[in-house]
Structure formats: C-alpha cells, structure tokens
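Enquirer: coords please:
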Amino acid sequence: MSAPHHSPAGSPAGSMAERYGAPPVWRKYFLLGVVVVVVGSLAVLWTWITLAQSDPTVSSELITSEIVDDHEATAVIRVKWGDDPVEAHCTVRAIAHDKTVVGEETFEPSQDGSGDSIDTTVTIRTERRATAVESVGCTAEGQLRPR
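Expert: Numbers count the residues shown, from 1 in each chain. Coordinates of the predicted model:
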C-alpha cells in the first residue's frame, strides 16, 4: 500500500489555491473599498445627526406640577429658545394612576424679548383625577421632534 501524497503545504488533499485556483486579486480591494465607503457614510451621518440635534430651535422642561382637583392639573413649563425668535408649540399631558393620558394641553409660549427662556403656567383639564404631569416638549418650524 502506498502512503498518501503530501503537498508542500502539508495537507493530504493539497492547498485550496492548488485545488480551486487563486481568488481574483480585485476581490480583496473591492471589499476594502465597500467597507471604507460604508464606514465613511455612517461617520458623516452620525456627525450630521449630532450637530443637527445638539442645538434645538426651542426646548422645554417641566419645572413643577400640581394636581388641583379631579378635573384639573397645573404645570409650570420653562421654554428656552435658540438664537432666533420662533413660533413654538408645546404640549403637556396629565397622566392617571393606570398610566392613561387623561388630559392634554398644547400652548404657544410668547417670547417677550426679556431673555432666552420664559416660565409658563399651564392649566390642564382632565377626564378624571391625574397623578402626574408630563412635558412632551416643544416643536417649531424645522424641528419636528418635541424637545
């Protein structure tokens, strides 16, 4: 019986290149190019998203809230504007114990020119007793996501 034939690569069946032929040289460079384009595109997209979202036109925060009675809640909302005065629409919600929205109020804060922010007291009419008040946020032209 004869011993199996060993190729110089050391495997009995021979190397992959000997058996199937060498892969085309361009394949390695093509794959590298695709990876570079995808990573570069993602980096540009991430940078654009970061810069666009870092300085909103208008933003808001809930300062305080009070449940007045079974059908009313109040909230003080601080609205902050960016560099230019814009017309903003802000939304506040009243939430019941079972996490159901029982009242919602959308208002337009007035920018009176006395600074870059203003505190606004909002009264929310509710269907039943609320247990919490949530500031959804403010939107403006060109800023569709509430902030």
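
Enquirer: Please enumerate the helices of this protein.
Expert: Assigned by DSSP state H, the chain shows helices spanning 16-20, 25-54.

Enquirer: weakest of the ones you listed in terms of mean pLDDT?
Expert: When these are compared by mean pLDDT, helix 16-20 comes last with a mean of 78.

Enquirer: doesn't Val122 make contact with Glu105?
Expert: Yes - applying CB atoms under 8 Å as the test, Glu105 and Val122 come out as touching, 5.5 Å apart. No exception for glycine: its C-beta is placed from N, CA and C like everyone else's.

Enquirer: Overlap of the contact sets of those two?
Expert: Counting by CB atoms under 8 Å, 6 or more residues apart in numbering, the residues touching both Glu105 and Val122 are Val92.

Enquirer: quick revisit: closest to Arg78 out of the helices of the chain?
Expert: Closest approach to Arg78 among those (CB to CB): helix 25-54, 19.3 Å.

Enquirer: So the protein: which segments form each domain?
Expert: Annotated domains of the chain cover 16-54, 58-140 [automatic domain parsing].
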